[in-house]
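heads up, no residue letters with this:
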């Protein structure tokens, strides 16, 4: 779903984030992560700069260390995974430990779970999903009811993609967001090595516009390049794009490729 | 390609790894990473435990800090991205700085590049791709010739998936590898909340077998669960699998689901 930002954007504000993916199954290769790309794009559309991603195993010490390393560095930390009812779901306890706060069954979370789970099936394991650290705000999810939570600037979400996505939609309206980074994609139609020199000159002239060069390789066809320009300033972005297009035209018309 | 391991496996040896993905384009969501899942599975098949993944931007300080945090902790560190000819390709310089060694154009790398690039097109930018830190061993790639390199326990590879994969094949024969983790997948056919209690009991009885519980959710169908058992010991794996199957049969036959 398209994100609907909460706090109004302020010109110039830079809001940053890290993502912590929790799960042995990603590290073993058994499960192909689908959340990193989704969250990266979603946050970019909200005006939040994703600055770092970490994937760690279901090991409490590792989760605690990563959360504490990240939460002091970035505006937001998002986590995915490890909030189900089984023995390997240890994220909520790890977050409580990282913040040094107690954790217990939360009546608000119980009420949400009982909207979906019949009372006679609300066993000890399912009650575990209602364990929420003290002081946390719940993140509702429209798909399966079991909530995530925000504690301080750490937002704890499910690992199952459809549920994570529902939580992100529930969470977005209350997230501090910044001024959105705008981008322009320019297919260069040339190899990186043929444009790298003059492209570096353009980058130096536009230090406030980030210019990325992305090669793709196809067997039999060889390399081609896409240039991506990114800036919060529409005017500067347009100027940089014009400079890149002029540079490309010059290289194409040039006396000899590769000189 | 299937990995061909180098150093012979030693019983009981645990060989660990971290993966450092370098690239703004992954963090902005523009490019969906394909390397994490591929490398995770490849290393698992080699008997190397991937313990951590980090994604960082094209910022030298961030790369240096991540490399130095990871290389002292794990047997191997693999990096992807940032070794092309453009201004945003700064990985080789960052690795040299992380190790405190000089970096310069390497005649071995030049020779490899000249196998593909005509001499009159071997410009300054392309020569940049031959910059290799002092003391590094080259990682050849059969696809595009431009080499990666290993410096100490850090293995620096391309970001373009087909090229990264060719480099991994070139690198695998000289990697220290360990005893392979074996795994068994058991489709539970039940919801996590219905088996979490007795599953925890099985896990406690088999502390040397890691039992992961992975829910999937389908709209209209609801939740189901796959259990994944992992161990280096074939015998213990089989015993744990039998215990899990017995537990599942008991839950299915049980008096009331959810009690």
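Yes, it's here. Keep in mind that this is a model prediction, so the values were computed, not measured. Numbers count the residues shown, from 1 in each chain, chains lettered A, B, ... in the order given.

Tell me who's in contact with the spatially closest residue to residue A:216 that is not a sequence neighbour.
Excluding the flanking residues, the one nearest residue A:216 by C-beta to C-beta, 6 or more residues apart in numbering or on different chains is residue A:224, at 5.9 Å. Backbone N, C-alpha and C define where each C-beta goes, glycine included. Residue A:224 sits next to A:187-191, A:215-216, A:218 when contact means C-beta atoms under 8 Å, 6 or more residues apart in numbering or on different chains.

dump the residue contacts of residue A:51.
So residue A:51 contacts A:16-18, A:74, B:27, B:57 (C-beta under 8 Å, 6+ apart).

Among those, name the ones in helices.
Assigned to helices by DSSP state H, the following of the contacts of residue A:51 qualify: residue B:27.

could the contacts of residue A:51 go into CSV alongside pLDDT?
Putting the contacts of residue A:51 into CSV (pLDDT from 0 to 100) gives the following:
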residue, pLDDT
A:16, 97
A:17, 98
A:18, 98
A:74, 98
B:27, 97
B:57, 97
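
Redo the contacts of residue A:51 as CSV? Include neighbour count.
Formatted as CSV, the contacts of residue A:51 follow (neighbours: other C-beta atoms under 10 Å in any protein chain shown):
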residue, neighbour count
A:16, 16
A:17, 24
A:18, 25
A:74, 20
B:27, 26
B:57, 19
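
Among the contacts of residue A:51, which lie within strands?
A:16-18 (DSSP state E).

returning to what we had before: just name the closest of the contacts of residue A:51 to residue B:245, please.
residue A:18 (40.1 Å; C-beta to C-beta).

If that closest one is in a bridge, with which residues?
Bridge pairing for residue A:18 (DSSP bridges) gives the partners residue A:52, residue A:77.

Could you list which residues are in contact with it?
When contacts are counted by C-beta under 8 Å, 6+ apart, residue A:18 is found next to A:50-54, A:70, A:73-74, A:76-78.

nearest to chain B, of those?
Among the contacts of residue A:18, residue A:53 lies closest to chain B (C-beta to the nearest C-beta), at 3.8 Å.

In contact with that closest one, which residues?
Contacts of residue A:53 (C-beta under 8 Å, 6+ apart): A:18-21, A:36, A:40, B:21, B:26-27, B:53-55.

okay if I get those residues as CSV plus distance to residue B:89?
CSV is the format used below for those (distance: C-beta to C-beta, whole Å):
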residue, distance to residue B:89
A:18, 24
A:19, 24
A:20, 27
A:21, 26
A:36, 22
A:40, 21
B:21, 14
B:26, 15
B:27, 16
B:53, 21
B:54, 19
B:55, 17
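
which one of these is nearest residue A:111?
Nearest member of the contacts of residue A:53 to residue A:111, counting by C-beta to C-beta, is residue A:20, at 27.8 Å.

And that closest one, how far from chain B?
10 Å (C-beta to the nearest C-beta, to the nearest Å).

for residue A:49, same thing?
8 Å.

What count of nearby residues applies to that residue?
22 (other C-beta atoms under 10 Å in any protein chain shown).

what's the closest non-adjacent residue to it?
Per C-beta to C-beta, 6+ apart, closest to residue A:49 is residue A:16, 5.0 Å.

show me the contacts for the one you found.
Neighbours of residue A:16 in contact, by C-beta under 8 Å, 6+ apart: A:48-51, A:73-76.

and if you look at residue A:238?
Counting by C-beta under 8 Å, 6+ apart, residue A:238 has no contacts.

backbone phi and psi for it, please?
phi -60, psi -40 (degrees, to the nearest 10).

Retrieve the pLDDT associated with it.
pLDDT, residue A:238: 97.

Repeat that for the one 5 residues further on.
Per-residue pLDDT puts residue A:243 at 98.

The spatially closest residue to it that is not a sequence neighbour: what secondary structure?
Spatially, and ignoring its direct neighbours in sequence, residue A:243 is nearest to residue A:202 (5.0 Å; C-beta to C-beta, 6+ apart). Here residue A:202 is recorded as helix under DSSP: H, G, I helix; E, B strand; the rest coil.

Count the neighbours of residue A:202 for me.
Here the number of neighbours of residue A:202 (other C-beta under 10 Å) works out to 21.

right, and it touches residue A:196 too?
No: contact criterion C-beta atoms under 8 Å: residue A:202 and residue A:196 do not qualify, at 10.9 Å.

returning to what we had before: nearest to residue B:211, of the contacts of residue A:51?
Using C-beta to C-beta, those come closest to residue B:211 at residue A:18, 29.1 Å.

circling back to that earlier point, which SS state does the residue nearest to residue A:216 fall under?
strand.

measure it to residue B:102 for me?
34 Å (C-beta to C-beta, to the nearest Å).

Buried among the contacts of residue A:53? Make that a PyMOL selection.
In PyMOL, a selection of the buried entries from these looks like this (16 or more other C-beta atoms under 10 Å in any protein chain shown):
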select buried, (chain A and resi 18+19+20+21+36+40) or (chain B and resi 21+26+27+53+54+55)
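
now, among the ones in strands among the contacts of residue A:51, which is nearest to residue A:162?
Using C-beta to C-beta, the ones in strands among the contacts of residue A:51 come closest to residue A:162 at residue A:17, 21.3 Å.

Leaving out the residues flanking it, which one is nearest to the closest one?
Closest to residue A:17 by C-beta to C-beta, 6+ apart is residue A:76, at 4.2 Å.

Might you report the residue contacts of the one you found?
A:15-18, A:48, A:153-155, A:175-176.

Let me see the mean pLDDT of the helix or strand containing residue A:79.
Element membership for residue A:79, per DSSP states H and E: strand A:76-80. The pLDDT scores in strand A:76-80 average 98.

what ranges do the strands span in chain A?
Under DSSP E, chain A gives strands at A:15-22, A:48-56, A:76-80, A:103-105, A:131-133, A:137-139, A:148-151, A:154-157, A:182-187, A:210-218, A:222-231.

Domain ranges for chain A, per the record?
A:15-174, A:182-253 (automatic domain parsing).

Which stretch among the ones you listed is buried most, on average?
domain A:15-174 (a mean of 20; mean count of other C-beta atoms under 10 Å in any protein chain shown).

Quote the end-to-end distance of that one.
From its first residue to its last, domain A:15-174 covers 14 Å (C-alpha to C-alpha, to the nearest Å).

what bits of chain A have low per-residue confidence?
A:1-12, A:255-259 (pLDDT under 70).

returning to what we had before: which of the contacts of residue A:51 lies closest to residue B:140?
residue B:57 (28.1 Å).

Apart from its chain neighbours, what residue comes closest to that closest one?
residue B:24 is the one closest to residue B:57 (C-beta to C-beta, 6+ apart), at 4.9 Å.

List, one by one, the residues from the stretch 151-259 of chain A near chain B.
With C-beta under 8 Å from any C-beta of the partner chain as the criterion, the stretch 151-259 of chain A meets chain B at residues A:160, A:162-163, A:181, A:183, A:185, A:192-197, A:199-200, A:203, A:210-217, A:219, A:223, A:228, A:230, A:256-259.

Alright, I will stop here.
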